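Novice: sequence? don't have it. structure:
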């Protein structure tokens, strides 16, 4: 359900970018620019990116499977780098390394139908290694909309996790590495023959990871499962060799 919804969102964003850039391309100045030699060239490239990260309020299967929890997050940040090869007019592929971080804002559950808000503190840190493939449609020498998909691995870490309760009131760290994918839609602006500035939206999702809170219930471990998905609004700078 989530994947289908995000695919629709990505398609709508791509369509909006296509219509906007086509409208621009219809102007006399854009038509003249389109007749010039395109700045979009094939070859190797490297780049950096960063922006706003918003983790979704993900549902968590709690210790021993007795309760489900909903974890909420503050807005966070993301940054990273990438290197790839541009095959020419329509296609490019790359490897990407991206880091995300946000503070945990809330932990909610229910008991006998009554909502319970648990006092929690801590951070979630997410390191992704992705292989991305992009389809691009150059409108003219300046503007290139694109859509993409990425597959890879995500290391999910919870650090300084603290439930302000007598039994588990001390700080805990948890970690797991799981499969991840992302959907991408954006537009690039070729500012020189070698430099492209891009703006895009990325939906990133993972499989569920398994985490162990050590010795929290009278000396017993408390395992729980959680996936991590996020909305990311990014700006990137790419240098084509």
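Specialist: All right, it came through fine. Everything numeric in this text was worked out from a predicted model, so none of it was measured.
Novice: low pLDDT regions in the chain?
Specialist: For the chain, the stretches with pLDDT under 70 are 1-40, 62-67, 164-171, 213-222.
Novice: need the contact list for the residue most central in space within it.
Specialist: Centroid-nearest residue in the chain, with C-alpha atoms, centre = their mean: residue 204, separated by 3.9 Å. Shown in contact with residue 204 (C-beta atoms under 8 Å, 6 or more residues apart in numbering): 100, 128, 154, 180, 181, 182, 229, 230, 232. Placement of C-beta: from N, CA and C, glycine included.
Novice: strands along the protein, start to end?
Specialist: For the chain, the strands defined by DSSP state E occupy 43-55, 58-61, 68-73, 76-86, 91-111, 114-118, 120-136, 143-163, 172-190, 195-206, 209-217, 220-226, 230-240.
Novice: what is residue 196 paired to in the beta sheet?
Specialist: Beta bridges link residue 196 to residue 190, residue 238, judged by DSSP bridges.
Novice: residue 186 is in contact with that one, correct?
Specialist: No: using C-beta atoms under 8 Å, residue 196 makes no contact with residue 186, being 10.9 Å away.
Novice: apart from its neighbours in sequence, what residue is nearest residue 56?
Specialist: Among residues not flanking residue 56 along the chain, residue 229 sits closest, at 4.6 Å (C-beta to C-beta, 6 or more residues apart in numbering).
Novice: for burial, what's the neighbour tally of the one you found?
Specialist: 17 (other C-beta atoms under 10 Å).
Novice: distance of it relative to residue 90?
Specialist: According to C-beta to C-beta, to the nearest Å, residue 229 stands 29 Å off from residue 90.
Novice: could you do residue 235 as well?
Specialist: Taking C-beta to C-beta, one finds residue 235 at 23 Å from residue 90.
Novice: what do you get for residue 197?
Specialist: Residue 197 is 20 Å from residue 90, by C-beta to C-beta.
Novice: what of residue 203?
Specialist: For residue 203, the distance to residue 90 - C-beta to C-beta - is 23 Å.
Novice: go on, residue 118?
Specialist: Taking C-beta to C-beta, one finds residue 118 at 50 Å from residue 90.
Novice: just checking, residue 208 touches residue 228?
Specialist: No: contact criterion C-beta under 8 Å: residue 208 and residue 228 do not qualify, at 9.1 Å.
Novice: compare the two (neighbour count), which wins?
Specialist: Using other C-beta under 10 Å, the more surrounded residue of residue 208 and residue 228 is residue 228, with 25 against 18.
Novice: so the more buried one sits against residue 55, correct?
Specialist: Yes: the pair residue 228 / residue 55 is scored as a contact, 6.4 Å apart, by C-beta under 8 Å.
Novice: shared neighbours, these two?
Specialist: residue 124.
Novice: quick one: the closest residue to residue 191 other than its chain neighbours from residue 235, how far?
Specialist: Nearest non-adjacent residue to residue 191, counting by C-beta to C-beta, 6+ apart: residue 197, 5.8 Å away. Separation of residue 197 from residue 235 (C-beta to C-beta) stands at 7 Å.
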